[in-house]
Each structure stands twice: as C-alpha cells, then as structure tokens.
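A.B. asks: Attaching a predicted model along with its sequence, questions to come.
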Amino acid sequence: MWIEVAIHALFLLEVLGRKYNAQAFSSERQIPTFLHEPPHRHEFLNSSGAVIPCTAFGNPNPVIRWINGDGTPAVDIPGLRHIRLDGSLVFQPFRTDQYRQDIHATTYRCTATNIFGTLSSRDVHVVAGEFFDDSYCLLHK
C-alpha cells in the first residue's frame, strides 16, 4: 500500500515539475505597457497633497521613473515631493510659503523601462491651489 502511495506521489511531483518548467520557459518577454497611465492634468490643494499613480507591466518588470518637463529626472524633495516604490508621484501637503512653481505648477512625465524598451506617458500638468474663504485659488505667483 505505501509503495503505491509513494509511486503516486512521485508521479504527481513529476507532472507538477513539468508543468512548472513549461510555464517558466514559456514566459513571453514583453516591452512595458501601462496598467495605469497618469492623467493629462492633476489639480490638488496644498492642504491635502496628491498622489499620482503610474503602473506598468512588462517582462522583465519595468522600472518606473518620473521626468520633469525639462527632461531631468524628478527626485525626492523632502517635505514636498516623493516618489514611492510603487511608482506613484506624491506631493505632500505644504504651507503656502513652501510653494515652488517648479514643483507645484509644472509638467511631469512617467516612464516605464525594461531591457526591451521604454514607454513614456502623456505629459501630466500639475497645479496646486489653496482655499481662501471657501473659494479655490491657484497658487501661481
């Protein structure tokens, strides 16, 4: 009886092993494609901040980066702007005296890159504003 169980177990392991190897080797290489492309425009309040997601699929997995409108890489600026590990661009809440046009009223682009190529999103126009007496006011100076 135990011999039959052992033979059956070995058979199952062999079948599962073949299936696993077939899946591993049949993985198709793929250039990046967006799962969630950022919007064309994103407005937010300085008191709440904002999160702009950018996610992409590819094989191998693409690396997500954000680019400023002038083509330079967007980097973390403590207390104002942060790029999360999931690829989201985060604008932290800020006081009006911390407003910077080059961060809060500018254009960004998300890129997804793997060894097979780079995909760029549409331009994302970011505009920060604040409330004054129950009305919305842009912080452009």
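C.D. replies: Done, it's in. Because the structure is predicted, anything quoted here is derived from the model rather than measured.
A.B. asks: I'd like to know how far the residue nearest to the spatial centre of the chain sits from Cys54.
C.D. replies: Centroid-nearest residue in the chain, with CA atoms, centre = their mean: Gly87, separated by 2.6 Å. Computed with CB to CB, to the nearest Å, the distance linking Gly87 and Cys54 is 5 Å. For glycine as for every other residue, the C-beta is placed from the backbone atoms N, C-alpha and C.
A.B. asks: Tell me the helix or strand right after the helix or strand of the chain with the lowest mean pLDDT.
C.D. replies: For the chain, the helix or strand with the lowest mean confidence is helix 2-25, at a mean of 46 (criterion: mean pLDDT, DSSP states H and E). Note on helix 2-25: by DSSP states H and E, the next helix or strand toward the C-terminus is strand 30-36.
A.B. asks: so what does that following strand touch, helix or strand wise?
C.D. replies: Contact here means 3 or more CB pairs under 8 Å, 6 or more residues apart in numbering; DSSP states H and E; on that basis strand 30-36 packs against strand 55-59, strand 105-114, strand 117-120.
A.B. asks: Recalculate using a threshold of 6 Å.
C.D. replies: Applying 3 or more CB pairs under 6 Å, 6 or more residues apart in numbering; DSSP states H and E, we find strand 30-36 packed against strand 55-59.
A.B. asks: list the buried ones in the strand it packs on?
C.D. replies: Using 16 or more other CB atoms under 10 Å as the test for burial, strand 55-59 gives 55-56, 58.
A.B. asks: same question, stretch 69-77
C.D. replies: Neighbour-count burial for stretch 69-77 flags Ala74 (criterion: 16+ other CB under 10 Å).
A.B. asks: contact partners of it?
C.D. replies: Stretch 69-77 is contacted by residues 66, 68, 82, 106-107 when judged by CB atoms under 6 Å, 6 or more residues apart in numbering.
A.B. asks: Between its first and last residues, what's the separation in that stretch?
C.D. replies: By CA to CA, to the nearest Å, the extent of stretch 69-77 from end to end equals 16 Å.
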